[in-house]
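Q: Based on what follows, work out the 3D shape:
(2 chains)
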Number of protein chains: 2
Amino acid sequence: MKLQVTQENLHKALSSVGRVANSRGTLPILSNVLLKTIGNRLSIAATNLDIAITHFIGSKVADEGAITVPARLMNDFVASLPSGTITLELDDTKLKISTDQYQSVINGTNAEEYPVMPAISEGTQWTIPSNVLRGGLQQVLMAASSDESRPVLTGAYLHTHNKKLYMVATDSYRLAEKVLMPTPTDIDLLIPASALQDLLRIVADTEDEVSVTHDEQQILFRVGDVELVARLIEGTYPDYRKLIPKDFAQSGVVQKAEFINITKVSSLFARESAGSVTLHLDPEKQAISIRSVASQLGENTAHASGKITGEGVITLNSRYILDALHAMVGEEVRIAFNGKLEPCVLNSPKQGDYLHVIMPLKS
Amino acid sequence: MKLQVTQENLHKALSSVGRVANSRGTLPILSNVLLKTIGNRLSIAATNLDIAITHFIGSKVADEGAITVPARLMNDFVASLPSGTITLELDDTKLKISTDQYQSVINGTNAEEYPVMPAISEGTQWTIPSNVLRGGLQQVLMAASSDESRPVLTGAYLHTHNKKLYMVATDSYRLAEKVLMPTPTDIDLLIPASALQDLLRIVADTEDEVSVTHDEQQILFRVGDVELVARLIEGTYPDYRKLIPKDFAQSGVVQKAEFINITKVSSLFARESAGSVTLHLDPEKQAISIRSVASQLGENTAHASGKITGEGVITLNSRYILDALHAMVGEEVRIAFNGKLEPCVLNSPKQGDYLHVIMPLKS
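A: Modelled structure (predicted):
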């Protein structure tokens, strides 16, 4: 293998695939990245056996070849190099990396020892604009569970309902649902949220269309010169729609920025009560108040004015409120519930395609 | 106690003194801050028994009084409040904090239980411009030791020599020396570097003159409305001047930015050798090269052009080189040594009042 690439392209590819390379696993080679010439391109790839990411970058290839090298060292090293041309040359398993000023050797491992990258030969295929996918991921992923004991909740549920494509995540304490677009085909997929976090980084700064291909076991996202393959989660997603109330006894519309501020301040006094804060909708004062009590340290009450209908109190986890508020678009946010025992719904009066549900805490 | 202050002033004072309040100590009350009215000012103070910091802020005092409250909660809370007027009112040991939108109660502890703040009644007094003090601290403190087994090395040595005031720190592996100004009086003080780190934050954004008062045991810095008192370190500082070579067999002048870059890149390959890199001055090529070897991972050589006199190699800790380079002013830096066993001196050709000495590693 002998080739030339630019520092900018190699750096971008390494920092993206490097996140997947894991040095804490049982298979040491999974902390490496796989470099491989394919025609006049260099592919930079890594997998943790659940997810695989591959970047293809333009390259002046003199000799073909492949090698794997430690991801972290290679990434840190290339990140430190000045911009410009980098020459990669393989001597047995030693990868020589050179620029005008720097000559390095990184000891690699034979590419044949690297696990075969997952691939999808046939499957359903459709496309989604990157800004639609990005918006959905940003508004939904925070609600997915990280508790591996209930695998279905660690995924985001992408599915067709009433001819629309929905993305949903829930950890059973809160739920986020987004209507993405008219459904391109009949879709019912449960995708690991961790893979979608990686996908979010990949689509963070692109306006390219994203091509999606899936079969029974796997899903492939292709955007520009990047591919991400993830294993689908098996299992049936909970019938979450019946949990979302349609009518409300109490509701209020408040300025989002103010709601965020009073929740943040109250959360300081809610540290010893696992974030528990009590909201009070007061139609007489046309205000929402939020109260937290720390038995040892003290207590706090804060309020914000709003348009309030129906008096009521509800106790929620302040972190979930903040996550929901930060995901909302627009300057105003609506909070609505049916007494202190039923789920609380937050949404933006201006964006009907997104909602957040938070289960109340016992107060 | 009942008074009004601005959020801006209270926040600034709390975040400064809050660093001294320590929740991990054996005396729980040392995690509190002491609030106390003094005439028409509020004093906000904290001590860890070695250092004490007091801020005085303007205040509309209705009732005098004093209380201590948990530093972290108070600081986080006030930081979260919007700018504007804050009312503090004491009800027994409960401190009520209110603004238009927020009403809080923080449970305090009687001020009489707080340790007496150290004070200096008489002593030598002189002044130093804040920019001179700040420059000295920024260029010297990084070389102080954090190893408590040799207390004198955990301090910075402020002393008079040839009618000039010097500040020096060394951890016995490297040394930084700065000439501050003509000496105001005969000075010989060993001040804890940790206290000086706090002082550096206090003088970070002021142009006020700093007033210094010291007796046998303590030193007081007063700048604007802030006071810092620290206990002096007892003991005799090593006679470091004899360690600094005056003449050199090898020397080179290189661009500082380039020297930083090649050292950073080389340090990536020096992780398993505790940062050890080998410098080579090559008068023939008029270049300095830096080489690091990681037996398992690989190796790196990088070079930068410079004005070189005398060929030689020396092995140094890359972290110390980077610390020294970052502390230098000007675009060029001079490195000089006498073979690989003697101390290496770095300085700026443009700034004769500062130098850095690094002891070589065995190679």
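Q: can you pull out the strands in the stretch 201-350 of chain A?
A: Secondary structure of the stretch 201-350 of chain A (DSSP state E, counting those that start in this stretch): strands located at A:209-214, A:218-223, A:226-231, A:250-255, A:276-282, A:287-294, A:298-309, A:312-317, A:332-337, A:344-348.
Q: Please apply the same query to the stretch 1-150 of chain A.
A: A:2-6, A:32-38, A:41-47, A:51-58, A:60-63, A:66-70, A:85-91, A:94-98, A:102-107, A:124-129.
Q: so which of those comes closest to chain B?
A: strand A:102-107 (4.0 Å; Cβ to the nearest Cβ). For every residue, glycine as well, the C-beta is placed using N, CA and C.
Q: Could you tell me which strands that closest one is paired with, and in which direction each runs?
A: strand A:94-98 (antiparallel), strand B:298-309 (antiparallel) (DSSP bridges).
Q: check contacts around A:Leu199.
A: Applying Cβ atoms under 8 Å, 6 or more residues apart in numbering or on different chains to A:Leu199 gives the contacts A:133, A:137, A:221, A:228.
Q: would CSV of the strands of the stretch 201-350 of chain A with mean pLDDT and mean neighbour count be doable?
A: Below are these laid out as CSV (pLDDT from 0 to 100; neighbours: other Cβ atoms under 10 Å in any protein chain shown):
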stretch, mean pLDDT, mean neighbour count
strand A:209-214, 97, 19
strand A:218-223, 97, 20
strand A:226-231, 96, 22
strand A:250-255, 97, 20
strand A:276-282, 97, 22
strand A:287-294, 95, 20
strand A:298-309, 96, 20
strand A:312-317, 97, 21
strand A:332-337, 98, 23
strand A:344-348, 97, 23
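Q: just so I know, which of these lies nearest A:Leu90?
A: strand A:226-231 (23.7 Å; Cβ to Cβ).
Q: Contacts for stretch A:54-67, please.
A: The contact list for stretch A:54-67 (Cβ under 8 Å, 6+ apart) reads A:1-6, A:9-10, A:12-13, A:16-17, A:34-45, A:90, A:93, A:95, A:108-111, A:117, A:225-228.
Q: which of the contacts of A:Leu199 lies closest to chain B?
A: Nearest to chain B among those is A:Leu228, at 27.7 Å by Cβ to the nearest Cβ.
Q: and the contacts of stretch A:54-67, which are buried?
A: Neighbour counting over the contacts of stretch A:54-67 (16 or more other Cβ atoms under 10 Å in any protein chain shown) leaves A:1-3, A:5, A:9-10, A:12-13, A:16-17, A:34-37, A:41-45, A:90, A:95, A:108-109, A:111, A:117, A:225-228 as the buried ones.
Q: pLDDT averaged over stretch A:123-143, what's the number?
A: Averaged across stretch A:123-143, pLDDT comes to 97.
Q: Oh, that last question was meant for stretch A:51-70, not what I typed.
A: 97.
Q: got the buried residues for it?
A: Neighbour-count burial for stretch A:51-70 flags A:51-57, A:59, A:61, A:65-70 (criterion: 16+ other Cβ under 10 Å).
Q: farthest-separated two in these?
A: A:Ile51 and A:Val61 (27.3 Å).
Q: so is the residue most central in space within chain A in a helix, a strand, or just coil?
A: By Cα atoms, centre = their mean, chain A has its centre lying nearest to A:Gln197, at 2.7 Å. Following DSSP: H, G, I helix; E, B strand; the rest coil, the label given to A:Gln197 is helix.
Q: returning to that earlier point: of the strands of the stretch 201-350 of chain A, which approaches B:Glu342 most closely?
A: It's strand A:226-231; of the strands of the stretch 201-350 of chain A, that one is closest to B:Glu342 (Cβ to Cβ) at 53.1 Å.
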